[in-house]
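Undergrad: Got a predicted model here, sequence first, then my questions.
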Number of protein chains: 2
Amino acid sequence: MTSYFNELITSDKNQTVKLAKALLTQARQRKKLGLTVLEGTHLIDAALRSDYPFVQILVAESAQTHSEVQQILTRLPTYTPILTLSDALYTSIRSLGTGIDIMAIVTIPTPRLAAIHEDCLILNDVQDSGNVGTLLRTAAAVGINTILCTSATAQAWSPKTLRAGMGAQFALTVYEGLSNADILDYVKVPLFATSSHTDTLIYEHDLRAPMAWIMGHEGQGVCAELMQCATPIALPQPNGQESLNVAIAGSLCLYETLRQRQYS
Amino acid sequence: MTSYFNELITSDKNQTVKLAKALLTQARQRKKLGLTVLEGTHLIDAALRSDYPFVQILVAESAQTHSEVQQILTRLPTYTPILTLSDALYTSIRSLGTGIDIMAIVTIPTPRLAAIHEDCLILNDVQDSGNVGTLLRTAAAVGINTILCTSATAQAWSPKTLRAGMGAQFALTVYEGLSNADILDYVKVPLFATSSHTDTLIYEHDLRAPMAWIMGHEGQGVCAELMQCATPIALPQPNGQESLNVAIAGSLCLYETLRQRQYS
């Protein structure tokens, strides 16, 4: 076993520890610094498979000898700084429950928006990190690689969204902080959105050409400005319940698009 | 405005307050007592629409005059006990964030299992309350009314699951705490489950006859004992990502079943 470890950090005054803690807990700091934290071996593994650059690795002392941690460390570029924290200190900053105690500080990509002519998913002020992460995961599964988020959408790279996305973020290009005007200016494919004000079911629409699905706020749905530029479609709800969860509705739309193109 | 309120409770030693707090925080107590708590006007309204019986209502003092609270109170059976809590006390026990501070203690239904010949959804040790609630919500939307949960599945009537289900629980018959043997003995329709060990896509299966969908544990999937009695089906994942979130996978299966029956 190779040793990658230097001194042991035990103080919460350590600058990197303070940084990791701030990034794990404060959306504002993530946004200001353009950094986030990947917690656990699964996300770090996904990042490594995508050749994603790491700023810094933090490992709990007792996790150093774990085989999955060792395996990750052998794959890191040699210049990656690795910090070892006492177990008590690591536990005091982590946001996940018990697991393999390793985290990575990484930069949040900021792709430059240009005209979009391919399939994409627009998240219009989706509030819940779990919903955003789940939608990214489904988009990655069906091969939609372009995601556009309006400014009130939950952060795509927050620890919670990363967890729900299970690493899908690394397979996607995610544009964040967009205005409605940005969406309408740059998206060159037709917009579609679910709506309770139409009876035309999704199955009656031809979804085979490149298109943009818009998913909206959990309570209010897609905003009026985008909705009036979109084709409204209905998902069937024979039992007359209230609307579906937005991650479910979005996934049904993405999969029906896939089905029409490849399996019908 | 009618006044429904008697004395104001300010002490956390009050027996009903202690009970509500225990039910909101302890799965064990909910199971032992067969009671749970509905928080917020939305769930209470859904319960009232289903003529669901209430054991007790708790309202924060400042919420008494809220129009939605007044509207709920006029619809309660006259014998329903209503307790008013000081705002500080209410805030100290609630599990939701800020909202309209009203909660109801209700009994958890315990339907008696009998042979099942209709469509149903089997939750085989699904761990996450959010996933269970979301699956119940989708099941209610497509009109599948029978839910069977094996014993390690997250509680269908916990405050978190109720929140994710948005009141779907009141429209469903949910059997909990079942063994694999119970499932195999009582479910008389064919079993289907998603699997990564088959290439036969869901679109290639005929899903028009009554059937049971099994959704499994987030990490391990459906257990071997049930899987070997089920027809494995694949959901397409052209981009080769890891498996979908179980609530997404389940909802895609339920909606493809609906599509084949009504819209193809």
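TA: Everything's here; your move.
Undergrad: CA atoms for contacts and neighbours, from now on please.
TA: Noted.
Undergrad: quick check, A:Y175 in a helix?
TA: No - A:Y175 is assigned strand when assessed by DSSP: H, G, I helix; E, B strand; the rest coil, not a helix.
Undergrad: residues touching it, list them.
TA: The contact partners of A:Y175, by CA atoms under 8 Å, 6 or more residues apart in numbering or on different chains, come to A:110-113, A:146-149.
Undergrad: which of these are buried?
TA: Among the contacts of A:Y175, the ones that count as buried by 16 or more other CA atoms under 10 Å in any protein chain shown are A:146-149.
Undergrad: I'd like to know which of these is nearest to chain B.
TA: A:T146 (13.5 Å; CA to the nearest CA).
Undergrad: Backbone dihedrals for the closest one, please?
TA: phi -110, psi 120 (degrees, to the nearest 10).
Undergrad: the strands in chain A, which residues?
TA: According to DSSP state E, chain A carries its strands in the segments A:8-9, A:35-39, A:54-60, A:82-85, A:102-107, A:120-124, A:146-150, A:173-178, A:191-194, A:212-216, A:230-233.
Undergrad: Can you lay out the ones you listed as a markdown table showing mean pLDDT?
TA: Conversion of these to a markdown table gives the following (pLDDT from 0 to 100):
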| stretch | mean pLDDT |
| --- | --- |
| strand A:8-9 | 93 |
| strand A:35-39 | 97 |
| strand A:54-60 | 95 |
| strand A:82-85 | 94 |
| strand A:102-107 | 96 |
| strand A:120-124 | 98 |
| strand A:146-150 | 98 |
| strand A:173-178 | 97 |
| strand A:191-194 | 97 |
| strand A:212-216 | 98 |
| strand A:230-233 | 98 |
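Undergrad: Which residues of the stretch 51-200 of chain A lie near chain B?
TA: By CA under 8 Å from any CA of the partner chain, the part of the stretch 51-200 of chain A that sits against chain B consists of A:134, A:137-138, A:140-143, A:168.
Undergrad: Narrow the residues you listed to those in helices?
TA: Among these, the members found in helices (DSSP state H) are A:134, A:137-138, A:140-142.
Undergrad: Next up, the contacts around the residue nearest the centre of chain A.
TA: If you average the C-alpha coordinates of chain A and look for the closest C-alpha using CA atoms, centre = their mean, you land on A:A156, 3.9 Å from that point. The contact partners of A:A156, by CA under 8 Å, 6+ apart, come to A:129, A:132-133, A:162, A:169, A:174, A:176.
Undergrad: For chain B, state which of these is nearest.
TA: Ranking the contacts of A:A156 by separation from chain B, with CA to the nearest CA as the measure, puts A:G133 on top at 10.0 Å.
Undergrad: The closest one - nearest residue in space that isn't next to it in sequence?
TA: A:G165 (4.0 Å; CA to CA, 6 or more residues apart in numbering or on different chains).
Undergrad: before we move on, back to that, which one of the strands of chain A lies nearest to B:S264?
TA: Taking CA to CA as the criterion, strand A:230-233 is the member of those that comes nearest to B:S264, at 17.2 Å.
Undergrad: list the helices and strands the closest one packs on?
TA: strand A:191-194 (3 or more CA pairs under 8 Å, 6 or more residues apart in numbering or on different chains; DSSP states H and E).
Undergrad: All the helices of chain A, residue numbers only.
TA: Per DSSP H, chain A carries helices over the ranges A:15-25, A:27-33, A:41-49, A:67-75, A:87-93, A:129-142, A:159-165, A:180-186, A:224-227, A:246-262.
Undergrad: Comparing those, which comes out most buried?
TA: By mean neighbour count, with neighbours taken as mean count of other CA atoms under 10 Å in any protein chain shown, helix A:129-142 ranks first of these at a mean of 26.
Undergrad: from the chain's centre, how far out does that one sit?
TA: Relative to the mean C-alpha coordinate of its chain, helix A:129-142 is positioned 7 Å out (CA atoms, centre = their mean, to the nearest Å).
Undergrad: Relative to A:R75, which of the contacts of A:A156 is nearest.
TA: Nearest to A:R75, judged by CA to CA, of those is A:Q169 at 20.0 Å.
Undergrad: ok, that closest one - contacts?
TA: Residues in contact with A:Q169, defined by CA under 8 Å, 6+ apart, are A:136-137, A:156-157, A:162.
Undergrad: Give me the distance between A:H205 and chain B.
TA: Taking CA to the nearest CA, to the nearest Å as the measure, A:H205 and chain B are separated by 12 Å.
Undergrad: and that residue, how many neighbours does it have?
TA: The burial metric for A:H205, expressed as a neighbour count using other CA atoms under 10 Å in any protein chain shown, is 13.
Undergrad: Quick check: chain neighbours aside, which residue is closest to A:I93?
TA: A:K21 (5.5 Å).
Undergrad: So the one you found versus B:S129, what's the distance?
TA: A:K21 sits at a distance of 27 Å from B:S129 (criterion: CA to CA, to the nearest Å).
Undergrad: Report the contact partners of the closest residue to A:D125 other than its chain neighbours.
TA: Closest residue in space to A:D125, ignoring its immediate chain neighbours: A:T153 at 3.8 Å, by CA to CA, 6+ apart. Residues counted as contacts of A:T153 (CA under 8 Å, 6+ apart) are A:123-127, A:177.
Undergrad: Now list the buried members of those.
TA: Buried members of the contacts of A:T153, counted by 16+ other CA under 10 Å: A:123-127.
Undergrad: From those residues, pick the one nearest chain B.
TA: Nearest to chain B out of these is A:Q127 (CA to the nearest CA; 14.4 Å).
Undergrad: Quick check, that closest one in contact with A:Q220.
TA: No - contact status for A:Q127 versus A:Q220: not in contact, 10.6 Å apart, counting by CA atoms under 8 Å.
Undergrad: can you tell me how far A:T153 sits from B:G250?
TA: 25 Å.
Undergrad: Ok, A:Q71 next?
TA: Applying CA to CA, the value for A:Q71 to B:G250 is 34 Å.
Undergrad: A:H197 now?
TA: Taking CA to CA as the criterion, A:H197 is separated from B:G250 by 26 Å.
Undergrad: What of A:L235?
TA: 16 Å.
Undergrad: correct me, but A:A139 touches A:L254?
TA: Yes - if you go by CA under 8 Å, A:A139 and A:L254 touch, sitting 7.1 Å apart.
Undergrad: now the ones in helices among the residues of the stretch 51-200 of chain A next to chain B in CSV, with pLDDT?
TA: Converted to CSV, those look like this (pLDDT from 0 to 100):
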residue, pLDDT
A:T134, 97
A:R137, 96
A:T138, 96
A:A140, 95
A:A141, 94
A:V142, 95
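Undergrad: ok, of these, which one's closest to A:T25?
TA: Comparing those against A:T25 with CA to CA places A:T134 closest, at 20.5 Å.
Undergrad: residues in contact with that closest one?
TA: Neighbour list for A:T134: A:164-165, A:247, B:245 [criterion: CA under 8 Å, 6+ apart].
Undergrad: Generate JSON lines for those, with distance to B:A60 as supplementary columns.
TA: Conversion of the contacts of A:T134 to JSON lines gives the following (distance: CA to CA, whole Å):
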{"residue": "A:A164", "distance to B:A60": "34"}
{"residue": "A:G165", "distance to B:A60": "38"}
{"residue": "A:A247", "distance to B:A60": "33"}
{"residue": "B:N245", "distance to B:A60": "37"}
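Undergrad: Looking at these, spot the one nearest A:I202.
TA: When those are ranked by distance to A:I202 (CA to CA), A:A247 comes first, at 16.2 Å.
Undergrad: OK, contacts around the closest one?
TA: When contacts are counted by CA under 8 Å, 6+ apart, A:A247 touches A:131-132, A:134-135, B:248.
Undergrad: A:M215 now?
TA: A:M215 neighbours (CA under 8 Å, 6+ apart): A:121-124, A:126, A:193-194, A:221-222, A:246, A:250.
Undergrad: go with 6 Å
TA: Contacts of A:M215 were listed using CA atoms under 6 Å, 6 or more residues apart in numbering or on different chains, and they are A:123-124.
Undergrad: how far away is it from B:A247?
TA: Look at A:M215 and B:A247: by CA to CA, they are 17 Å apart.
Undergrad: Bridged to the closest residue to A:T231 other than its chain neighbours, which residues?
TA: Here the nearest residue to A:T231 in space, its sequence neighbours aside, is A:F192; by CA to CA, 6+ apart that works out to 4.7 Å. A:F192 forms beta bridges with A:W213, A:T231, as assigned by DSSP bridges.
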